[in-house]
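Novice: I'd like to go over a predicted model; first the sequence, then the structure.
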Amino acid sequence: MPEIDAAHYRQVLGHFPTGVTVITAVGSDGRPSGFAVGSFFSVSLEPPLVGFCAGKSSTSWPAIRSAGAFCVNILAEDQEAVCRQFSSKVDDKFVNLGWQGASSGSPRLADVLAWIDCDLESIHDAGDHEICIGRVRELAVARENGPLLFYRGGYGQFH
């Protein structure tokens, strides 16, 4: 089988649009942690399970992993700046952002479309990522708006 060039791989898969979420938790040090994810997905209705993929090189993932719980924050079309903040390497990604704790203690970000609070159910090795499965403990739609989408390296809206 021929080796796949990483740049070509990204270019081809960039033609598949994804929604944008921010995964959050409170680490063992009591500080909130989070990162932007475009690989969020529904897994099962019975029991209610969702999943996302976390890069093994992520500096935010270890705190979320050790928390044992996380909140999926589904971003709205007007939250590109929030996505960029959680995609960055800044120390405090929560600066100037409102949030409150979900039942797990994980941060529910202000003004998101919807949120899903989960307990970490399982983690599966997948190359340079880990596939993380969460058991849903509670969820809600926070507001009716369009979603933030990522497509071919840029952000957009659904019309």
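Specialist: Now that the structure is in, tell me what you want to look at.
Novice: in what helix or strand does residue 118 lie?
Specialist: Element membership for residue 118 (DSSP states H and E) is strand 114-126.
Novice: before we move on, what about residue 138?
Specialist: Assigned by DSSP H and E, residue 138 belongs to strand 129-141.
Novice: the inter-axis angle of that strand versus strand 114-126?
Specialist: 170 degrees (axes from the mean of the first three to the mean of the last three CA atoms, to 10 degrees).
Novice: all the strands of the chain, residue numbers only.
Specialist: With DSSP state E as the criterion, the chain has strands at 18-19, 21-26, 32-37, 41-44, 49-55, 69-74, 99-101, 107-109, 114-126, 129-141, 148-151, 154-157.
Novice: quick one on the thing from earlier: give the rounded mean pLDDT of the strand holding residue 138.
Specialist: For strand 129-141, mean pLDDT rounds to 98.
Novice: what's that strand packed up against?
Specialist: With contacts taken as 3 or more CB pairs under 8 Å, 6 or more residues apart in numbering; DSSP states H and E, strand 129-141 sits against strand 49-55, helix 61-67, strand 69-74, strand 114-126. (Each C-beta comes from the backbone N, C-alpha and C, glycine too.)
Novice: out of the ones you listed, deepest packed?
Specialist: Greatest average neighbour count among the helices and strands packed on strand 129-141 goes to strand 69-74 (a mean of 26), per mean count of other CB atoms under 10 Å.
Novice: alpha carbons of that one, as CSV, please.
Specialist: Output in CSV follows, covering the C-alpha atoms of strand 69-74 (Å, rounded to 0.1, in the frame of the first residue of the first chain):
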residue,chain,number,x,y,z
ALA,A,69,-15.9,13.9,33.0
PHE,A,70,-16.2,16.5,30.3
CYS,A,71,-18.8,18.8,28.7
VAL,A,72,-19.2,19.1,25.0
ASN,A,73,-20.1,22.8,24.0
ILE,A,74,-21.6,23.0,20.5
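Novice: how far is that strand from where the chain is centred?
Specialist: Computed by CA atoms, centre = their mean, to the nearest Å, the chain-centroid distance of strand 69-74 equals 7 Å.
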